[in-house]
Each structure stands twice: as structure tokens, then as C-alpha cells.
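Colleague: Give me a 3D structure for the following:
(chains A and B)
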Amino acid sequence: MKILIVGDGKVGYTLAENLSREDNDVTIIDKNPEALRKAKENLDVMCIRGSGVSVSVLLEAGVREADLLIAATSSDEMNMVVTLTGKKLGARRTIARIRDPEYANELSLLKLELGLDLVINPEQSAANEMARILHYPAAVNVESFAKGRVELVEIRMTGDEPIVGIKLRKISSRLLSPILIGAVERDGDVVIPDGECDIRENDILHVVGRTANTVDFCKAMGKCELRIRNVMIVGGGRIAYYLVRMLTNLGLRVKIIEIDRNRCLELAELLPGVLVIQGDGTDADLLQSENLGDMDAFVAMTGRDEDNLILSLMARKAGVRKIIAKVTRMNLAGLVESLELDSIVSPRLITANHILQYVRGIRNATGERIEALHRIVDGKAEILEFLLQERRWYLDTPLKKLGARKGFLVAAIIRNTEVIIPHGDDVLKLHDRVIVFAKTRALNSLDEVFRPGAAP
Amino acid sequence: MNRKAVLRALGIVLVCEAGFMLPSLFVAFHYREGESAAFLTTLFLLLSVGLPLTRIRVRIRELYARDGFAIVAFGWLSMAFFGALPFVFSGTIPGLVDALFESMSGFTTTGASILPVVEGLPRSILFWRSFTHWIGGMGVLMLTLAILPLFGAGSLHILRAESPGPSTGKLVPKIGQTAKILYGLYVGLTLAEIIALKIAGMSWFDALIHAFGTAGTGGFSNRNASVGAYGSLAINLIIGVFMFLFGMNFTLHYQITRRNWRFVLKDEELRFYVAMVAGATLFIAADLWVNSLFSPGPALEHAFFQVSSITTTTGFATADFHGWPVFSKVTLLVLMIVGPCAGSTGGGMKSIRVLMALKIIRRELVKMKHPQSVHTVRIGGRNVDDETLGGVTAFILFYLVLMVLAIFLVAMDSHDLETAFSSVVACLSNIGPGLSVVGPMGNYSGFHPLSKVVLSLCMVIGRLEIFPILLLAMPSFWRRVSI
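Modeller: I've put the predicted structure just below:
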């Protein structure tokens, strides 16, 4: 696919990196030669210096033949103009990053008027993710599939869970509710486990199951006594605004610490009923005086990754049980792993995942559609949700006869309202939703999962 | 340095070279020549060295600038070495230094020869000599990039180190795709020339040899008197025009196939190149006519052919230009140094660099008058950033320094100033024939082995645009931790 990305910032670069690796022809447009140099040297993409709103630059970049135009500059207005111009010049599809809350409310109108196919709001997505994590404190991370019927939870094994040290095939008999352990994260690597794999301390399990069952599983692991009522947030940016709105709707009590006086006033105005404190969130004394230790959850989302990590460590020391840190630069992910923090949220990564999912969805518009895509451990493994729309060769054949390839695992089948954790005798049917764990990059179709020729 | 990746890439280059020997082997079989043994031995050696190297498992697939330079430098040196073996094994050129010179001259598309007589040599050897031009013209690594997705994004460093010009860009987002397009254009233009030459009356074999020589802007012929031996206006014009085309930036050819005429016509380097060739042709033709060497028609014909041949650094000759008036000779010498467009198959400094240098000079003059003025250098309406300009000045400086050094070394066994000077320029710019002893009707056989080695190095330094080879000479380049 020919993809044009306008704006070579953090999101633009991550997108270009991932999209070019998945064999798309990517062209980046940016005004800043320094930013372009990095992309030029590290990625197999074409870079064009110039303004994305300029028609001649867009034409030079081949907007007429472009299948997708992504506007990811720092300015919402610019992104709108870019996508509008691009669409008029012949770009097949357009995606714009629009993040100002003022626009966020009129999104449907904007989408229609600008001919946008997708609007991404990294801050809002990040806030969604955080809200979900806070809602589900036992897990490191939660992801929902099939319109919320199936959940994927990440749980860190601390050593005192009843399943530690037990082989996987013996575990299912000990649990009452059917769940499936789809991936085990160990020492920064991912294992798609088989029956002989045993669970060790410090593993992070990725568990798939019907929502109620995953909750049961967490309870069985002794992790569900925690309920979050009080949340402290450091850093009052856009994400904080979206997050607080969601949390107050859920009935949680929130305290925001923000250093900038004017922003504090704005927040207080926008978010009535929320305690806004003006002060330096990295100041330990201030945090103590705002009784950090009594909080159920702590979210560090200042503009600096380093501050967020340090703050998380401070909160952990103070005894907060649920901690979320916003980390923008994902090259810090390896370091974060060793800090054993629970939850890391990266707006950039979320956005990239979102768009990748969309792009892959366009690429295989026939057969099975990709409904959701979630990447774990720095993209080393993926969890995808396929919707089977057409008759394919692998339908109606027992899974054990199809024989999934190594590194793939069919984790759940959703048929109407029923959630099936599949065994060898189960079959795939038309209109099923299928959740697949894949250890490779860029799985596009279920054809790659099953051995061809295995079908009768 | 990512040694494993570099070694593996070298292995691939050697295996590719083994593949390139096959046409020559076929020619040897076709004409039932005994040289097939020489090719088979070399083929065997190449595979036995190359195949194990390709088996190396590369754990770190990231390539950085240093690795790109190393792959290109070693690739070219080892290619020239193995390319010399058929000459040695067949006994055509028994001395290793001579054979290396010939092979290096072939791959770097120089076309300088130590063979006094080429007519009567085995056809397979002549074919190999010219085929090296064709491979070297667009570059072997470029070919490997086109057919093998070798190292992902890091291969841009290889592309950059191998292809000429101050700033190597891509035509399309993917490197592999870019390389494929470039090679497609290259093959297409070569085929067109072969057919044109055949129609103009050459035999298929001669047409192939001369098309290879033109495409790579090399200049090896299978006639002692080069293209002049045919004495045909049609052939002179065909080769003259195709030399000119191969001296153009291949990006422009790509844009022509896409009918993007505005891009082509607006290109400032092309304008400079056309003006240079046209101007030089007129001046030399007038000079030849005034000195009553030729009547106006032939004067124009020979002047155009020679200017095209020298500017594109090909080195074919229709006449012994050493016997031409001094003004014409000096004009040709200047053209030798300037060379054709960046992104072409030719050598020399490249028109774009000279154009930029001229603009830098103008900027400096303006600055003298108005010290506070801010003045940007623009090419084709676009700003050229200071780093590129710095690179251009550094390149020209390096070029001149190396030229002077080589002239010192070669002067030790030269008969006259013209020989010493022009032989170095002709090798460094990948032209081939110079003036006097090394003129179009002369050759390089009279030089001392030391001079031959120096000139061989000049060729590869010129082809790879100095830096890859020069970096090999830096001790810090070899250290694991390079600071």
C-alpha cells in the first residue's frame, strides 16, 4: 500500500517504522530536516522536505496514487487542512490526528465534512486505556475484544499465586472457569505456551476469557480484593482531562497536581468537583502532604518520561497499590521492564496500534476482517481479532485437523453471544469472531495460521 | 562494525560475480575457445569462497554508515581481484598487477588498458572485459539490493556509498524497488543501444561489446582504433548520443518514463550538463576547423563524439585527439575533471558538484561586498543545506589533493608532463585514455608496476567517490569501538 505520512514527530515516526516494516510504501513529509534525517537513516521510507499543506509538495509525494494519507503534525488545524487537500487531490483514504477537546465534541461533523476515514486522538485513547486499567486493578493491563465480551488481562505473577510452578496442562483442572493462557512474557521475551510450559515467578500471563471468567481467574489468583476509590494524578495535560472525566463518571475521587497556575485554573473550570492542586508534582514533600500513601491508585503523566518513572517508584515506595506511568519514548520500555512497574501507557504506541489495525483491515478487505489488534512486549507478539465474513477453506474443520503452526494460537471463538475457549474438536464457522495469538509480526489473514493442505 | 553482516554481504557479492561469469563462459563455449577452463576455475574459486560466507548467520541485522562503507569498499576490491583471475589463468595477461589493473579498469568503468593490441584476443576474454564495465556501471551492490532484500533500511548506506553524487535519494519509498527501477532503466537503455548498433551495421558481438562500454561509461572496445575503426557516421552518432544519455541522472530517465517533463526540463544539473556538452562541442569543432584538421561537418561529428565520450568519462575515440590543437586538448582535460551528472554511470567530480562550487564562489563574493548578507545556495529552486555544501567543498578538495599525490607518484616514471597529469586524471575520473603516451591510440603498458598500482587505486577511489576507500586507510575505522 502507498501511504503518505505528514508530520515526522513521535507518532509519525513510530507509524512510519511499523508501516514500512509491514511492506507498505511509506513517504514522509515534514518541514524539519533534522527530523527527516533520522527517518531517512533508520527507515526504508522516502522523505520529502516541505509543508504538507502545500499542494505541490503533496503532488510530489504522489498523493494521487496514495491509498492512505495520515496527517500527524502537531497542529489539529493543519491536520484538517492536509487531509482535506489530500482527499481533494485523490488520496483514497485519510486519517487525521485531532486532539483538542474542543474539536473532539464535534468529531462526527468534522469527519463528514472533511471526508475523514478515521480520526485518532492519542490522548483520548491513552485515557481510555488508563481508565480501563484503573477499573480492573488486578491486572497489569486490560484489553477488550468482541465488543467487550472477551477480555484479555495481563497479570504479573508475584510468586504466591497457587498456579506458580505448575505445568499448564494441569492448571485448567484446578480452575473452575474456562480461561486460556495465551502468552507468557518472560525476561522480555514472549512464549506461546504449550501444555508442558510451567508458570514461574515474575512471568506476566496474558489471559483470555469471557469477562466474568477472567474476573474469577483474578480472584482465584488472590488479586481481586482491591477496589479503587481514590486516584492521584500528577500532570494535568490533555490525557488528564479525558481521564478525569471518565473516572468521575465512574464515581471515583480524583486529585490532580499540576505545576502551571493557568492550567490549574482551566482544569478547575473544566472539571468541577475535582480537587486541583497547584504545585510541583515531583516534589516529594508535596506528595506526602497530599497523603500519597493513602491513595488507591497513582497516575504519573507529566511531560517527562523520566519524571513519570521516578514518581512511580516513589508511589510504590509509599505503598500505593496501583500505579500507571505514561511513557512516551518506547525505547525506554526495556528499562521499564526491569523496574517492575505495573502499568505503562504510551499514547504513541496506542495510536500506532490503532492505525496499524486500520491499515491491515484495509489490506485484507475480503475474507476475514481484522477487528482489533493489540501488540504486547514491544511488538514481539500480537493478539488479533478476526471476523469471518466469507467462506474459507478452514471453516467447519476441527481445529486439531487444521493444526495451527508454531507461534500461533487460536485463543477464543465468539459465536453469537457464546464465548468458546477452543479445544481440538471445535470448529470455526462463518460469522465467528476469532481471537488469535501470534508471535510473528504482521499477521494479515487466518490463512497464515493454519497449515495449508491440512484441510480435507 | 557489524563484521558478520559485512562478511555475509561480501559472500553474496562474490556469488553474484560468479553468476556474472556465466555469459563469458557461454561465449567461450560458443566460439569453442580454450578460455572456458580459466572461467571455470575462477567460477569454482568464487563459489568456494563466496558460498561459505553467505552461510554466516547474522544476528544483528542493523547496518550503519560504517558497515555500508565497508561492504562497498571490500566488495569492490575483492570483485576486482577475482575479476582479474580469468586474465591470468587464460594467459592473456600473465602478470597479476597488469591483470588487476585491467580488471579494476573494467569494473570501475575506466577503460584504461595495458593491452597494446586487443584485436585477435580470445572473444570470451574481450567479452568479460566489457561485461565488467556493464556490471560496474550501475554497481553490483545495487543489483544485490534489487534482487535480495538484504538488510532492510540499513541498506540505504550501501546505496549511498556505491552510487555517485552528493546526495543519493530514492525514486520510490522502498530501496529494493528503487534499485529494481534503476536496473530496469539500465537494462532497457542498453538493449536499445545494442539493437540500434546492430541496425547500423555492427555484428552482434561488436554491438554487445560497445553497448556494454557505453552503458557503464567504460570505453573498452574490441578494436585497436576504438569506435574510429568503423568509420561510420551512424555508429558514431548512436554511440555519441547513448553516451550522453548514460551520463544523465537516472532519476531523470525515470521521470521521462513517467512523462513528468516539467521535472526533467527544470532540472538545473541537466541544463548545466547540456550547456557544457554543447558549448564544448562548438568550441572544439571551431578549433578543429580553424586549424584545418577537418571540414565543418566531420569537425562537428568528431567534436561531439569526443566531448560526449570524455564528459561522460567513457573514453571511446573516433580520432586521435592527442594530435588536436592545444585549446581542444585543454577543453577535454577540463571536461575530464568535471564529468557527467550525479546518479549516472559516469565518473569525475560530477556536474552538480561543480555547479554548487560555482554557486558557493558567487556566495562568497557577495559576502565580501556585503558581510552581513544572508545568501542561500539554491539548485533547481530548492535550498541546499550547508552540510551538503560542506560535503561538496570537502569532496573537491579531497579530489584535488589525491590528484596531486598521485601525479607525484606517477611522475617518477613518466616521459612528459602531459602523460603524468592526464593519466592520473583519466584514471581518477574513470575515463581511460588521456593524452600523449596514454592517449586514445596509446596504452598504459609502459608504466612501472608501482604506477599501475597507484593508478588502479585512483580508479576505485574515483568510482566510489573517494570516501569508502579512504576510510579503509583510517586506523580508527578498523577498531571495534570507533571513537
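Colleague: Quick check: residue A:284 touching residue A:315?
Modeller: No: contact status for residue A:284 versus residue A:315: not in contact, 10.6 Å apart, counting by CB atoms under 8 Å. C-betas here are computed from N, CA, C, even on glycine.
Colleague: Give me the more crowded residue out of the two.
Modeller: Each of residue A:284 and residue A:315 has its neighbours counted (other CB atoms under 10 Å in any protein chain shown); residue A:315 has more, 26 against 14.
Colleague: Quick check: closest non-adjacent residue to that one.
Modeller: Leaving aside its chain neighbours, residue A:315 sits nearest to residue A:298 (4.0 Å; criterion: CB to CB, 6 or more residues apart in numbering or on different chains).
Colleague: cool, residue A:191 as well?
Modeller: Residue A:191 sits nearest to residue A:184 (CB to CB, 6+ apart), 4.7 Å away.
Colleague: what's the following helix or strand after the host helix or strand of the one you found?
Modeller: Secondary structure from DSSP states H and E places residue A:184 in strand A:180-186. Scanning forward in sequence from strand A:180-186 by DSSP H and E, the next helix or strand is strand A:189-191.
Colleague: In the chain, which helix is the longest?
Modeller: Since you didn't name a chain, this refers to chain A. Longest helix in chain A, counting residues (DSSP state H): helix A:347-363.
Colleague: Chain B, not that one
Modeller: helix B:3-30.
Colleague: what about the strands in chain B?
Modeller: B:378-379, B:382-383 (DSSP state E).
Colleague: out of those, nearest to chain A?
Modeller: For the strands of chain B, the distance to chain A is smallest for strand B:382-383, at 8.3 Å, taking CB to the nearest CB.
Colleague: Note down every partner strand of that closest one and its orientation.
Modeller: Paired neighbours of strand B:382-383 in the sheet (DSSP bridges): strand B:378-379 (antiparallel).
Colleague: helices or strands next to the host helix or strand of residue A:382 in the packing?
Modeller: For residue A:382, the element it lies in under DSSP H and E is strand A:381-388. Under the contact criterion of 3 or more CB pairs under 8 Å, 6 or more residues apart in numbering or on different chains; DSSP states H and E, strand A:381-388 touches strand A:141-145, strand A:180-186, strand A:368-376, strand A:433-438.
Colleague: Make CSV out of those strands and add mean pLDDT and distance to residue B:111.
Modeller: Output for these, formatted as CSV (pLDDT from 0 to 100; distance: least, CB to CB, whole Å):
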stretch, mean pLDDT, distance to residue B:111
strand A:141-145, 77, 65
strand A:180-186, 82, 61
strand A:368-376, 74, 55
strand A:433-438, 86, 55
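Colleague: which stretches of the stretch 351-456 of chain A have low pLDDT?
Modeller: For the stretch 351-456 of chain A, the stretches flagged by pLDDT under 70 are A:364-368, A:377-379, A:440-442, A:451-456.
Colleague: neighbouring contacts of the helix or strand containing residue A:112?
Modeller: In the assignment (DSSP H and E), residue A:112 maps to helix A:107-114. By CB atoms under 8 Å, 6 or more residues apart in numbering or on different chains, the residues outside helix A:107-114 that reach it are A:80, A:83-84, A:87, A:94, A:96, A:98, A:103, A:116, A:119.
Colleague: Just flag the most distant two among those.
Modeller: Greatest spatial distance among the contacts of helix A:107-114 (CB to CB): A:87 and A:103, at 17.7 Å.
Colleague: got a list of what residue A:130 touches?
Modeller: Residue A:130 touches A:239, A:243, A:299, A:324, A:345, counting by CB under 8 Å, 6+ apart.
Colleague: Can you give me the neighbour number for the second one?
Modeller: Going back to what we said before, that points to residue A:243. Other residues close to residue A:243 by other CB under 10 Å number 28.
Colleague: Over to the fourth one?
Modeller: Neighbours of residue A:324 under the rule other CB under 10 Å: 27.
Colleague: who does the particular helix or strand that has it in it pair up with?
Modeller: According to DSSP H and E, residue A:324 maps onto strand A:322-326. Strand pairing for strand A:322-326, using DSSP bridges, gives strand A:297-300 (parallel), strand A:343-345 (parallel).
Colleague: between these, which gets the lowest average pLDDT?
Modeller: Ranked by mean pLDDT, the strands paired with strand A:322-326 end with strand A:343-345 at the bottom, a mean of 81.
Colleague: wait, which of the helices and strands packed on strand A:381-388 is closest to residue B:285?
Modeller: Here strand A:368-376 is closest among those (CB to CB), at 67.6 Å.
Colleague: What is the distance between that closest one and the centre of its chain?
Modeller: Here strand A:368-376 is found 11 Å from its chain centre; the criterion is CA atoms, centre = their mean, to the nearest Å.
Colleague: swap in stretch B:405-417?
Modeller: The chain centroid and the centroid of stretch B:405-417 are separated by 23 Å under CA atoms, centre = their mean.
Colleague: Now it: buried residues?
Modeller: Across stretch B:405-417, burial judged by 16 or more other CB atoms under 10 Å in any protein chain shown covers B:406-407, B:409-411, B:414.
Colleague: Can you flag which of those residues belong to helices?
Modeller: Per DSSP H, the subset of the buried residues of stretch B:405-417 in helices is B:406-407, B:409-411.
Colleague: Out of those, flag the one nearest to residue B:256.
Modeller: residue B:406 (37.4 Å).
Colleague: That closest one and residue B:456 touch, don't they?
Modeller: No: the pair residue B:406 / residue B:456 is not scored as a contact, 10.8 Å apart, by CB under 8 Å.
Colleague: Please work out how many residues are found near residue A:123.
Modeller: Neighbours around residue A:123, by other CB under 10 Å: 24.
Colleague: Return the residues in contact with residue 38.
Modeller: Here I'm looking at chain A. If you count contacts by CB under 8 Å, 6+ apart, residue A:38 has them with A:8, A:13.
Colleague: um, chain B though
Modeller: Neighbouring residues of residue B:38 by CB under 8 Å, 6+ apart: B:85-86, B:88-90.
Colleague: in the stretch 201-350 of chain A, which spans are strands?
Modeller: A:204-210, A:230-234, A:253-258, A:275-278, A:297-300, A:322-326, A:343-345 (DSSP state E, counting those that start in this stretch).
Colleague: So which elements touch the fourth one?
Modeller: With contacts defined as 3+ CB pairs under 8 Å, 6+ apart, the secondary structure elements packing on strand A:275-278 are strand A:253-258, helix A:261-270.
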